[in-house]
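J.: below is the sequence, then the predicted model.
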Amino acid sequence: MEINIKEARFISSSPDLKGCPPPKLPEFAFIGRSNVGKSSLINMLAMHGNLAKISSTPGKTKLINHFLINQNWYLVDLPGYGYAKVSKNQRSEFRQTILNYISKRDTLYCLYVLIDSRIPPQAIDLKFVNWLGENQVPFVVVFTKTDKLAQAEWHRNVDLFKDKLAEVWDELPPMIFSSSVKKTGRDDILTSIGQAMESAG
Ligand code: GTP
Ligand code: MG
């Protein structure tokens, strides 16, 4: 199924699952460490400069944000995990919100886990991805900010990440490489969204 984004509209910011729109349409959510580029990627997909709020200060997105696409599916911008500068209480609240959303949202077709291509594998990302695997959540890994390093350098980080996953899993998840600055990875993500819609019938 070919996916094309003709219209993108902000619907709601919800502090928890209860506040989300009724679970009636397919949705595709973006998650990853704070500042990894989730909101930027959503704007790139929607070809809309300021649909999702972007900030150089980590911890910008604190709520579950739903954007309605072509009036029939959602892109969802989730709060980042692992942000050190919030209280322990707040961090565990975020964590609970995120885990609750991922494990209970029946209309979540696919989760895109964003990984910063500039750095070697981080324990928090590996832990999260392994948790998704154990819980059979459908997900795709998206390496972000590939414009920042020479290809050989970020490829090394990707290979290290694959090695870490291969220690645990026989099969690796699909992987996409992106830059919101160079606008790369968009087609691959839209193709993946189309495939998820198709396989769901
Ligand atoms: P939180 O909502 O705070 O968790 O962050 P986020 O993951 O939504 O990141 P956001 O999109 O707000 O981007 C964080 C910073 O990284 C901003 O300064 C962006 O301009 C920058 N950034 C995002 N994507 C890219 C990219 O592909 N390349 C480069 N060079 N910078 C990027
Ligand atoms: Mg954000």
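T.: Sure, I can see it. Ligands and ions are numbered 1, 2, ... in the order given.

J.: for the rest of this, base every contact and every neighbour count on C-alpha atoms.
T.: OK.

J.: spatially nearest residue to residue 51, not counting backbone neighbours?
T.: Computed as Cα to Cα, 6 or more residues apart in numbering, the closest residue to residue 51 that is not its neighbour in sequence is residue 43, at 5.8 Å.

J.: next one, pLDDT for the one you found please.
T.: pLDDT, residue 43: 96.

J.: likewise the one 3 residues further on?
T.: Per-residue confidence at residue 46 stands at 94 (pLDDT).

J.: what about it? Give its phi and psi, please.
T.: phi -80, psi -10 (degrees, to the nearest 10).

J.: which residue of this protein lies farthest from its centroid?
T.: Largest separation from the mean C-alpha position in the chain: residue 152, at 24.1 Å (Cα atoms, centre = their mean).

J.: helix or strand: which one has that one?
T.: Assigned by DSSP states H and E, residue 152 belongs to helix 151-166.

J.: pLDDT averaged over the following helix or strand past that helix, what's the number?
T.: Sequence-wise, the next helix or strand downstream of helix 151-166 (DSSP H and E) is strand 175-177. For strand 175-177, mean pLDDT rounds to 98.

J.: quick one: list the elements packing against the following helix or strand past strand 175-177.
T.: Note on strand 175-177: by DSSP H and E, the next helix or strand toward the C-terminus is helix 186-199. In terms of contacts (3 or more Cα pairs under 8 Å, 6 or more residues apart in numbering; DSSP states H and E), helix 186-199 is packed against helix 38-46, strand 108-116.

J.: find the centremost residue of this protein, please.
T.: For the chain, residue 30 is the residue whose C-alpha lies nearest the centre (Cα atoms, centre = their mean; 2.1 Å).

J.: and the nearest residue to it once chain neighbours are set aside, how far from ligand 1?
T.: Nearest residue to residue 30, sequence neighbours excluded (Cα to Cα, 6+ apart): residue 112, at 4.9 Å. Relative to ligand 1, residue 112 is positioned 12 Å away (Cα to the nearest ligand atom, to the nearest Å).

J.: ok, what's across the strand from residue 112?
T.: Counting by DSSP bridges, residue 112 is bridged to residue 30, residue 140.

J.: which residues does it contact?
T.: Listed by Cα atoms under 8 Å, 6 or more residues apart in numbering, the contact set of residue 112 reads 28, 29, 30, 31, 139, 140, 141, 142.

J.: the fifth one: neighbouring residues, count only.
T.: I take that to be residue 139. In terms of burial, residue 139 registers 20 neighbours under the definition other Cα atoms under 10 Å.

J.: test my guess that it contacts residue 175.
T.: No - using Cα atoms under 8 Å, residue 139 is not in contact with residue 175; the gap is 9.5 Å.

J.: one step back: so the residue nearest to residue 51 sits against residue 67, correct?
T.: No - here residue 43 does not reach residue 67: they are 10.4 Å apart, not a contact under Cα under 8 Å.
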